[in-house]
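Chemist: below are the sequence and a predicted model for it; my questions follow.
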Amino acid sequence: MNHLRIAKYDVLKGTSKEVAEVATGPGGILDIYRSMPGFQAYSLLEVDAITVIGITAWETHEEAEAATRAAAEWVATHLEGRIHRTSNEIGDALFWEGTMTK
């Protein structure tokens, strides 16, 4: 079963594409997630001009919880003042269909 972390952010400065570049660039949160046990997938969705949603998939609920702490620390260090988290949820998938690709 997959355990998903879904975090919603407001972009306060810059664009969602700039946030994505920082998140996926060298030293970005994607690198952090990849180094963490249980990491399966990460996606950043642009909802509108100021809203992005990060979705990560983990093997266990506890690993998803650890990702929440890692993300908060990383955002405070690398995107302070540029984005603000408005919500964070972790859910255990009741089903998961499809394949994960880059």
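Modeler: Arrived safely, thanks for sending.
Chemist: tell me where the model's unsure across this protein.
Modeler: Low-confidence segments of the chain, defined by pLDDT under 70: 1, 100-102.
Chemist: show me what contacts the residue most central in space within it?
Modeler: For the chain, Gly54 is the residue whose C-alpha lies nearest the centre (CA atoms, centre = their mean; 3.7 Å). Counting by CB atoms under 8 Å, 6 or more residues apart in numbering, Gly54 touches Arg5, Ile6, Ala7, Tyr9, Ala23, Tyr42, Ser43, Leu44, Leu45, Ala71. Every C-beta, even on glycine, is put in place using the N, C-alpha and C of the backbone.
Chemist: any idea how far Gly98 is from it?
Modeler: With distances taken as CB to CB, to the nearest Å, Gly54 is found 19 Å from Gly98.
Chemist: who's in contact with the longest helix along the chain?
Modeler: Criterion DSSP state H: the longest helix present in the chain is helix 61-78. With CB under 8 Å, 6+ apart as the test, helix 61-78 has contacts from 3-5, 7, 22, 27-29, 32-33, 36-39, 54, 56, 58, 83, 85, 88, 90, 92.
Chemist: tally of neighbours for Arg34?
Modeler: Arg34 has 10 neighbouring residues, counting by other CB atoms under 10 Å.
Chemist: assign it to helix, strand or coil.
Modeler: Secondary structure, DSSP: H, G, I helix; E, B strand; the rest coil: Arg34 is helix.
Chemist: any idea how far it is from Gln40?
Modeler: 10 Å.
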